[in-house]
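**Student:** Structure, please.
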Amino acid sequence: MESGMFEDEFQNDGSFLHDEFEDGENFEDTENETSDATDDPKRQGWLVQIRNLNGEVTERRMWAKQVPKLPVTEQIIVPFKGNQPVGTDIDGLLGQYLGRLASNHKLLPISFKKWPEVVKTYKDWVWEKHIKWEPIHEAAARTSFMMDMGKKWRENRIRLFHTKFDQTLSREENIRNPPLSIPPTEWAAFIDYRLEEDTTKKSKQNAANRAKLTINHTGGSKKLKRRSEEIMSQIGKPVSRGTLYIETHKRRDGSYINEEARQVCEKIAEIESQGTVPVEVAIDDSLGQVKGAEHYGRVRAI
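**Tutor:** Numbers count the residues shown, from 1 in each chain. Got it, this is the predicted structure:
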């Protein structure tokens, strides 16, 4: 993996992304690569900057599946701000690309019970061969990307179980029928983990908790950070949590997802219209005033 530095409009320097997949290595997409790139059907991929060895920077539209096909003389510029990559298009490309890595069972086996238990050797290999960052950003980038991949790895395993495990068959019958991309021993270990009493209990509890939700968001898989940047580029000023909450609880036609969401959003909008609440995250911002205190370890609309 090559890497380098590039001066850009953000407070930190940019870093570069390149890939070294072996020929013939397959991936399962974890996201529809055309789902949230844009509402414009003519658009062909994410618009990102690419720099060659001569230092020349060009713009190009790309999908995640095209990253492995980049020549070694080209690198995708990934701007950083603080400890996070920034830019709506590059963030979209990164999300899809990390999802492809996370769902590659050769790189990150599904037989481990939890992401922290995935052997460091596997994570190091993915980092060194498929992501490798400029040293000045390496610690921040690795932390950010590994957290993102861990989330996608967990989501992929959940989806894999619900789509590939046949509830009408016995454990032994399911084990004898692994997906083509997964070694039988890994599939067996994964099935046994999913059928453990503790795992089954947690799964049922999570399903019950989701069933209690009365207001669902319409943000899809798009990160709130990216949605916030899109809104900010449209209105030309920082976006509050309240504004972001309103925008992610509407349908495409502008209507609210349900009556409860409408009532909450209208209260937020009324407070926002007064112009006296902070744009920064605060317990007394518009969302905090309407929705109340946060649950421990969570911050809404962030």
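**Student:** Only C-alpha atoms from now on, for both contacts and neighbour counts.
**Tutor:** OK.
**Student:** Next SSE downstream of the helix or strand where residue 101 lies?
**Tutor:** In the assignment (DSSP states H and E), residue 101 maps to helix 88-102. Per DSSP H and E, helix 88-102 leads on to helix 120-126 as the next helix or strand towards the C-terminus.
**Student:** could you give me the average pLDDT of that next one?
**Tutor:** Mean pLDDT, helix 120-126: 94.
**Student:** export it as CSV, just CAs?
**Tutor:** The C-alpha coordinates for helix 120-126 follow below in CSV (Å, rounded to 0.1, in the frame of the first residue of the first chain):
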residue,chain,number,x,y,z
LYS,A,120,-5.3,-9.2,15.9
THR,A,121,-3.4,-11.0,13.1
TYR,A,122,-6.5,-10.8,10.9
LYS,A,123,-7.1,-7.2,11.6
ASP,A,124,-3.5,-6.3,11.0
TRP,A,125,-3.5,-8.0,7.7
VAL,A,126,-6.6,-6.1,6.5
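**Student:** Can you give me the buried ones in that helix?
**Tutor:** Residues residue 126 are the ones in helix 120-126 that count as buried (16 or more other Cα atoms under 10 Å).
**Student:** ranges for the strands of the stretch 1-150 of the chain?
**Tutor:** Here the stretch 1-150 of the chain has its strands, by DSSP state E, counting those that start in this stretch, at 14-17, 46-52, 57-62, 74-81, 84-85.
**Student:** same thing with the stretch 151-300 of the chain?
**Tutor:** Using DSSP E, counting those that start in this stretch, strands in the stretch 151-300 of the chain do not occur.
**Student:** what about residue 201, how many residues close to it?
**Tutor:** Look at residue 201: counted by other Cα atoms under 10 Å, it has 11 neighbours.
**Student:** which residues touch it?
**Tutor:** For residue 201, no residue meets the contact criterion (Cα atoms under 8 Å, 6 or more residues apart in numbering).
**Student:** Would you indicate which residues of stretch 243-256 are buried?
**Tutor:** Taking 16+ other Cα under 10 Å as the criterion, stretch 243-256 shows 243, 244, 245, 246, 247, 248, 249, 250, 256 as buried.
**Student:** Just to check, residue 199 is in contact with residue 193?
**Tutor:** Yes: Residue 199 lies in contact with residue 193 (Cα atoms under 8 Å); the separation is 7.0 Å.
**Student:** and the protein, what are its domains?
**Tutor:** Domain assignment for the chain, taken from automatic domain parsing, gives 14-157, 165-211, 224-291.
**Student:** Tell me how far the spatially most central residue of the chain lies from residue 225.
**Tutor:** The chain has residue 95 as the residue nearest its centroid, 4.7 Å off, counting by Cα atoms, centre = their mean. Residue 95 is 12 Å from residue 225, where distance means Cα to Cα, to the nearest Å.
**Student:** what do you get for residue 272?
**Tutor:** Distance from residue 272 to residue 225, counting by Cα to Cα: 20 Å.
**Student:** Give me the more crowded residue out of those two.
**Tutor:** Using other Cα under 10 Å, the more surrounded residue of residue 272 and residue 225 is residue 272, with 19 against 16.
**Student:** Any regions of the stretch 151-300 of the chain where pLDDT drops low?
**Tutor:** 221, 293-300 (pLDDT under 70).
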